[in-house]
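Enquirer: my questions concern the predicted model and sequence given below.
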Amino acid sequence: MTRIEVPNSTGRRRSSGRLGRWLVILLLALIVGTGLWTWLTLAWAYAEGERAGVLQKFVRRGWICKTQEGEIALYYGGSQYMGAGISPQLWDFSVRDKSVAADLIKAVGHRVQLHYTEHPGIPTNCFADTRFLVDRVTVTDKEPGAAAGASSPPALNAPRAPSPAPAPAPNPPP
């Protein structure tokens, strides 16, 4: 009987197939892990709360991923007219809901109350530029720059309207 020689039958296996398989498994694990992390950071809220102030700006910005971002000025002391030298604290936020964004566009310049959730660790700014996602807005005044329920004081040195003339006294009967 003649022995048939088979190439590479020395018992050693080629390792390039095994290395390629591990690279594919590692790449798939990385993709799945990134997807799970993104889902977790967007679905799970670390904190939630309310903030109130005057809506300074609301924009849609971004080079590739357009996000909707806003900024409110937080005034302390009960009034937005606090005196010289006191500046407001600015708070930046993001919005993902189109109906909330439409409400905020109409409310620029108004005093608003925002309900938000905090999502730390969002992996990319394609979802939001900030970690604070606003999901509800309430406008607390009806005209820009006015506090809720406040009316503007009368102007100084304004001319007064003339008072109506008294009605003539009826003539007594003869």
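Expert: Everything's here; your move.
Enquirer: list the buried ones in the host helix or strand of Thr138?
Expert: With elements taken from DSSP states H and E, the one containing Thr138 is strand 132-139. Neighbour counts using 16 or more other CB atoms under 10 Å place 132-134, 137 of strand 132-139 among the buried residues. C-betas here are computed from N, CA, C, even on glycine.
Enquirer: can you tell me which of those is closest to Arg60?
Expert: For the buried residues of strand 132-139, the residue nearest Arg60 by CB to CB is Val134; the value is 14.2 Å.
Enquirer: the worst-scoring helix or strand of the chain on mean pLDDT - contacts with which helices or strands?
Expert: Within the chain, no helix or strand scores below helix 16-43, which has a mean of 89 by mean pLDDT, DSSP states H and E. If you count contacts as 3 or more CB pairs under 8 Å, 6 or more residues apart in numbering; DSSP states H and E, helix 16-43 packs onto no helix or strand.
Enquirer: quick one: it to strand 132-139, angle?
Expert: 20 degrees (axes from the mean of the first three to the mean of the last three CA atoms, to 10 degrees).
Enquirer: quick one: the helices in the chain, in order.
Expert: 16-43, 98-106 (DSSP state H).
Enquirer: the biggest strand by length in the chain vs helix 98-106, what angle?
Expert: Longest strand of the chain, by residue count under DSSP state E: strand 47-61. Relative orientation of strand 47-61 and helix 98-106, computed by the same axes, to 10 degrees: 70 degrees.
Enquirer: strand partners (parallel or antiparallel) of strand 47-61?
Expert: strand 67-74 (antiparallel), strand 111-118 (antiparallel) (DSSP bridges).
Enquirer: got the buried residues for the first one?
Expert: Translated: strand 67-74. So strand 67-74, judged by 16+ other CB under 10 Å, has buried residues 67-73.
Enquirer: pLDDT weak spots in this structure?
Expert: Low-confidence segments of the chain (pLDDT under 70): 1, 6-16, 76-86, 142-174.
Enquirer: which residues touch Val137?
Expert: By CB atoms under 8 Å, 6 or more residues apart in numbering, the residues touching Val137 are 100, 103-104, 107, 112-115.
Enquirer: same thing but at 6 Å, please
Expert: By CB atoms under 6 Å, 6 or more residues apart in numbering, the contact list for Val137 reads 100, 103-104, 112, 114.
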